[in-house]
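> Provide a 3D model corresponding to the input given below.
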Amino acid sequence: IVPGNVSGNVSDWEIIAMPAALRDVARHAGVSVTTAHRGINGKDELGEAARQRILDAARELGYVPNQTARSLVSGRSYTIGMVVTDNASPVYAGVVRGVESVLKAAGYGLLLCNSADDASGSLACLELLRSKQVDGVLITPVQSDHAEIDYLRDAQIPYVLLLRMFEDQADDVVITNNRAGGRDATALLIELGHTRIGHIAGPAQVSSAQGRLAGYRHALDDGRLPFDPSLIEHAPFTTEGGYVAATALLTRAERPTAIFAANDMQAVGVMKAARELGIRIPEELALVGGDDIELAEFLAVPLTTFHQPAFEIGSLGAELLLVRLDGDSEEPHQIVM
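This next block holds a predicted model:
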């Protein structure tokens with residue numbers, strides 16, 4: 001009960017609703033406070049009927065668990081940090097959805113940070129997440145060096161790598177079989193009769209770009225075609241990156257008749273460059289991308305591409321991190337989709 005105005009007259013006083021406490025939920029459901037706590041937190045030893053009665057009471061009273069108290073008891077923040085290299089990317093949108101689906105079910109929150117594929121930006125993200133006392137981190141590293149992983153190890157923060165990995169060290173990681181994707185994409189172009197196939201690769205230091213380039217070269221070897229370095233352009237995994245790289249490839253005296261772009265966003269950039277140069281797709285230039293983003297099938301010329309299971313990569317990465325937080329000390333898991 002609080003005064004309705006500064007006069008303090010009884011007639012001006014009003015009643016306001018205070019947040020429901022756990023004991024209120026317990027009383028409303030006809031159980032002990034301990035039992036109410038178990039029901040709200042999904043403890044297995046509680047029967048389904050009792051749990052539902054407790055959840056109904058909590059919902060009716062508008063009860064919100066006290067996260068601070070929960071953290072003090074458990075020693076956890078129940079928050080996971082995530083660092084992505086491009087928060088505008090459709091691929092990361094799928095990965096984040098997968099992560100959230102697992103964390104939400106487990107009672108964890110997510111703090112998302114964008115490194116913009118910049119090494120100093122990534123370290124700044126990790127500093128921020130550490131200050132928020134996250135329990136663990138899901139990260140796509142920039143890979144200009146090992147600084148991000150060294151930071152996480154020094155801070156003793158559990159982590160899982162998504163989409164990219166370091167070949168020279170053992171980490172928990174969930175990635176796509178990039179080599180197989182690059183091989184299959186290039187092999188299709190060879191089957192269509194192309195012998196001069198350009199490749200727009202990602203940044204040279206990035207493991208996913210390296211894998212897709214290796215797959216491209218594998219398919220050339222299988223097709224008994226020579227590898228020509230002049231047909232390779234490294235570029236960011238963006239529409240602008242694909243546009244600039246494609247312009248360089250398509251304005252050469254002997255331009256390629258087909259292009260394998262490392263990802264679909266680059267492939268959209270190839271389409272723009274080809275249109276400006278008066279080159280028709282697919283009549284005069286065959287094009288294949290990678291990742292299978294939703295946009296690919298809605299383009300004027302639907303894009304041929306290979307599928308990267310972004311949602312599953314995110315959900316598996318989150319599950320793996322939660323297992324680590326629960327005390328799993330096995331050798332690092334490397335999951336290749």
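> which ones are touching residue 312?
98, 337 (C-beta atoms under 8 Å, 6 or more residues apart in numbering). All C-beta atoms are positioned from the backbone trio N, CA, C, and that covers glycine.
> Next up, identify which helix or strand it is on.
helix 310-325 (DSSP states H and E).
> Send me that helix as PDB with only the CA atoms.
Taking Å, rounded to 0.1, in the frame of the first residue of the first chain, the C-alpha atoms of helix 310-325 are listed here in PDB:
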ATOM      1  CA  ALA A 310      23.000 -23.900 -40.100                       C
ATOM      2  CA  PHE A 311      20.300 -24.600 -37.600                       C
ATOM      3  CA  GLU A 312      21.700 -28.100 -36.700                       C
ATOM      4  CA  ILE A 313      25.200 -26.700 -36.400                       C
ATOM      5  CA  GLY A 314      24.000 -24.100 -33.900                       C
ATOM      6  CA  SER A 315      21.900 -26.600 -31.900                       C
ATOM      7  CA  LEU A 316      24.700 -29.200 -31.800                       C
ATOM      8  CA  GLY A 317      27.200 -26.600 -30.800                       C
ATOM      9  CA  ALA A 318      25.000 -25.400 -27.900                       C
ATOM     10  CA  GLU A 319      24.300 -29.000 -26.700                       C
ATOM     11  CA  LEU A 320      28.100 -29.700 -26.800                       C
ATOM     12  CA  LEU A 321      28.800 -26.600 -24.700                       C
ATOM     13  CA  LEU A 322      26.200 -27.500 -22.100                       C
ATOM     14  CA  VAL A 323      27.700 -30.900 -21.800                       C
ATOM     15  CA  ARG A 324      31.000 -29.300 -21.100                       C
ATOM     16  CA  LEU A 325      29.400 -27.100 -18.500                       C
END
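> Mind jotting down where the strands sit in the stretch 51-200 of the chain?
Taking DSSP state E, counting those that start in this stretch as the test, the strands found in the stretch 51-200 of the chain are 79-84, 109-114, 136-139, 159-162, 173-175, 197-201.
> could you redo these as CSV and give each row mean neighbour count, distance to residue 29 and mean pLDDT?
Listed next are the strands of the stretch 51-200 of the chain as CSV, based on neighbours: other C-beta atoms under 10 Å; distance: least, C-beta to C-beta, whole Å; pLDDT from 0 to 100:
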stretch, mean neighbour count, distance to residue 29, mean pLDDT
strand 79-84, 25, 28, 97
strand 109-114, 17, 26, 96
strand 136-139, 26, 33, 98
strand 159-162, 26, 38, 98
strand 173-175, 24, 40, 97
strand 197-201, 27, 60, 98
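> Once you drop chain neighbours, what's closest to residue 53?
residue 29 (5.0 Å; C-beta to C-beta, 6 or more residues apart in numbering).
> check contacts around that neighbour.
So residue 29 contacts 36, 39, 50, 53, 54, 56, 57 (C-beta under 8 Å, 6+ apart).
> what's the answer for residue 150, then?
Here residue 150 is in contact with no residues (criterion: C-beta under 8 Å, 6+ apart).
> And the pLDDT for it?
In this model, residue 150 is scored at 96, pLDDT.
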